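Student: Please find the sequence and the predicted model below.
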Amino acid sequence: MKRHAAGTLGRADLGERVLLQGWVHRRRDLGGLVFIDLRDRSGIVQVVVRPEEHPELSEVVDPVRNEWVLEIEGEVAERSAGNVNPDMATGEVEVNADRAVILAQSEPLPLEGDATEETRLRYRYLDLRRPEFQRNLMLRHRVTLETIEHFDEQGFVHIETPILTRSTPEGARDYLVPSRVQKSTFYALPQSPQLFKQILMVAGLERYVQIARCFRDEDLRAERQPEFTQVDVEMSFPSEDELFALIEGLFARIFPLGGIEPEVPFPRLPYSQAMARFGSDRPDLRFELEIVDLTEVLGDSEFRAFRKTVSDGGTIRGFGIPDAAGASRKQVDGWASIAQSHGAAGVLTLRRQNGETVFGVKDVLSEGELEKATELLGLEEGGMALLVAATSSVAAASLGALRVELARHYELIPEDEHSFVWITEFPLLEWDDRSERWFSCHHPFTSPDPRDLHLLDSDPGSVRAQAYDVVMDGVELGGGSIRIHDRQLQERMFEVLGISREEGRERFGFLLDALRYGAPPHGGLALGLDRIIMLMAGTSSIRDVIAFPKTTSATCLMTDAPSAVDTGQLRELGISLLEPGPDDKAKS
RNA sequence: GGGGUCGUAGUUCAGUUGGUUAGAACGCCGGCCUGUCACGCCGGAGGUCGCGAGUUCGAGUCUCGUCGGCCCCGCCA
């Protein structure tokens, strides 16, 4: 007999003989009557065992406990009116069992629904049994399929690129894999298939897509794992508009699977504006709290901290929050420490109460200054503004973080709304004080904006890139750029980045070579699949949409990876350890 | 690398100013129960208070160190 899906049974199956196989979700033994909620991937159905009618069956079922695996045969029956369970998808019916086989026993689970994440990660296979996890993984499956199909329809080809590749020590730290055959050399796991996809364009594939695993040996966050999945895209002869439309089309197709209907096309916001108005290159636009520049208005005030900041080239910025004037000293202190963690000295408040604006520090601002600030901040009765005086980047970072914190605190975020936005015109380069050189904001193959090309030598910091990010609800979902396809320009970029001719040859020679043989204009982007699913599933950590994620210290609690290896393996690789491992048992 | 927070029964937690035998719920074990659906009722077992030092007559509680989970900063071209 064919196996039936427990969660799909209903009135349509009345009188049907069914075979069920699944887990005992819960067992209720009333003595002369036993109920078993049997669960499989599709859901749960109630099975009834009547010892009086089937004594032999009763004997089988008697020792059964939660999470044992059973095979049940029986007939689908209607529940009498008073016994219907309206909270259950299959609540109108039940299965009268006449045969039962124990397929597997189970010890009591070391885990309940509300277990700590540590316990849940150790017994991941048990946690994954929970319906919400199964839903998340099935959603991920669906989105992956739809994504590949979307790109297929647009003429893209799914191509796999190497996992064992070469280290390109610009950017994130590489995961290294020692070569046994070539002693003392290492492969690196790809941080992204960047160079390969560009080379595929040179190879004439024109349109490439890959569901690609990427690896970065950097510290973790709720939305960052050492290995993660990108929807990696590259196309020849592109325009930004075409690329944007392609991704908007994808989002319009996949997000409804999570009950979200994006409005296309997405608005576009230049990076400089995003930083100035929202203090972030991934602004959450579901709420206002827009940042205002008060340098002009307050820079000349009696308040010494303001004067000093401005004379040192800094700025004074802030934003107003309606109905926040009643915030306690303790709350403001908490916000100050958020600003401090981003490098600011603290925060200052402006409160609008009883028709006048009061600054946190008494008697240092003139009435005119207060008036102008009130107007610029849009402060109304009962409102409060938080101000930060600092360098432009510290002010932006602090206020950007506070903007999100305050919106959460005052519940200004409409959780059922969503905002998609393209952040465009990223800077090409960023100065690093420590190593005293320019670094690429995106990567060294990003094309400068042709309009700014003439500034490349005279004022590299103000050159814009043909680079863009796509952002949803304050989360960066992906980013990309139009690439350099001209060898001379690429070599010039290396020069600006302080990468010598020899160095460039050694690290990226194959790309430079490829660019000599008719490289088409090309560009693309990569989307963080884990983050997309996370937002669709409505969770706040990508661990919830990855079957086997790692902890914040990059370990796997289930497998205990990474682990020490025996000395024989190391010897074969020509490796000796400077420090003994954590559980170095000197296995040999 | 830095900051915050948590770690007590199989699980989730409570545990007062340091003071007798460390509690609860769920789970587990035994018994009863024919319409339950978080079934109910009666009884029982279960603890290296993450680990290691220290202070003290006495430490789950205080101090230092250490390990681990989570969040954040740095980092993530």
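Tutor: The structure has been received and is ready for your questions. Numbers count the residues shown, from 1 in each chain, chains lettered A, B, ... in the order given.
Student: Enumerate the residues of the stretch 101-250 of chain A near RNA strand B.
Tutor: Counting by C-beta under 7 Å from any atom of the strand, the stretch 101-250 of chain A comes close to RNA strand B at A:108-112, A:114-119, A:121, A:168, A:170-173, A:191-192, A:194, A:216, A:218-224. Every residue, glycine included, has its C-beta placed from N, CA and C.
Student: What subset of the residues you listed is buried?
Tutor: Buried residues within these, defined by neighbour count using 16 or more other C-beta atoms under 10 Å: A:111, A:115, A:121, A:168, A:171, A:191, A:192, A:194, A:216, A:220, A:223, A:224.
Student: For the closest residue to the fourth one other than its chain neighbours, report the pLDDT, please.
Tutor: Here the nearest residue to residue A:168 in space, its sequence neighbours aside, is residue A:507; by C-beta to C-beta, 6 or more residues apart in numbering that works out to 5.7 Å. We note a pLDDT of 83 for residue A:507 in this prediction.
Student: you'd agree residue A:507 is in a strand?
Tutor: No - if the criterion is DSSP: H, G, I helix; E, B strand; the rest coil, then residue A:507 is helix and not within a strand.
Student: right, and it touches residue A:171 too?
Tutor: No - the pair residue A:507 and residue A:171 does not pass the contact test of C-beta atoms under 8 Å, sitting 11.4 Å apart.
Student: What backbone torsions are found at residue A:210?
Tutor: Backbone torsions of residue A:210, given as degrees, to the nearest 10, read phi -150, psi 140.
Student: how far does stretch A:22-37 sit from the chain's center?
Tutor: Offset of stretch A:22-37 from its chain centre (C-alpha atoms, centre = their mean, to the nearest Å): 41 Å.
Student: so where's chain A uncertain?
Tutor: Where chain A drops to pLDDT under 70, the residues are A:169, A:580-588.
Student: same thing but 50
Tutor: A:583-588 (pLDDT under 50).
Student: sorry, back to before: for the buried ones among the residues of the stretch 101-250 of chain A next to RNA strand B, which two are the farthest from each other?
Tutor: Farthest-apart pair in those is A:111 and A:168; separation 41.8 Å (C-beta to C-beta).
Student: can you pull out the helices in the stretch 101-250 of chain A?
Tutor: For the stretch 101-250 of chain A, applying DSSP state H, counting those that start in this stretch gives helices covering A:117-122, A:124-127, A:131-153, A:194-202, A:240-254.
Student: Would you mind telling me which of those helices is nearest residue A:87?
Tutor: Once these are compared by C-beta to C-beta, helix A:131-153 is nearest, at 13.5 Å.
Student: The closest one: how far from the chain's middle?
Tutor: The chain centroid and the centroid of helix A:131-153 are separated by 16 Å under C-alpha atoms, centre = their mean.
Student: Give the burial count for the closest residue to residue A:74 other than its chain neighbours, as a bare number.
Tutor: Excluding the flanking residues, the one nearest residue A:74 by C-beta to C-beta, 6+ apart is residue A:97, at 4.1 Å. Neighbour count for residue A:97, taken as other C-beta atoms under 10 Å: 25.
Student: list the buried ones in the one helix or strand residue A:97 maps to?
Tutor: Residue A:97 is part of strand A:93-104 when elements are defined by DSSP states H and E. Neighbour counts over strand A:93-104 (16+ other C-beta under 10 Å) mark A:93, A:94, A:95, A:97, A:98, A:100 as buried.
Student: Make CSV out of the residues you listed and add distance to residue A:540.
Tutor: Below are the buried residues of strand A:93-104 laid out as CSV (distance: C-beta to C-beta, whole Å):
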residue, distance to residue A:540
A:93, 37
A:94, 38
A:95, 38
A:97, 42
A:98, 47
A:100, 42
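Student: Tell me the one of these nearest residue A:410?
Tutor: Once C-beta to C-beta is applied, the member of the buried residues of strand A:93-104 that ends up nearest residue A:410 is residue A:93, at 47.9 Å.
Student: Deepest in the core, which of the helices of the stretch 101-250 of chain A is it.
Tutor: Among the helices of the stretch 101-250 of chain A, the stretch with the highest mean neighbour count (mean count of other C-beta atoms under 10 Å) is helix A:194-202, at a mean of 22.
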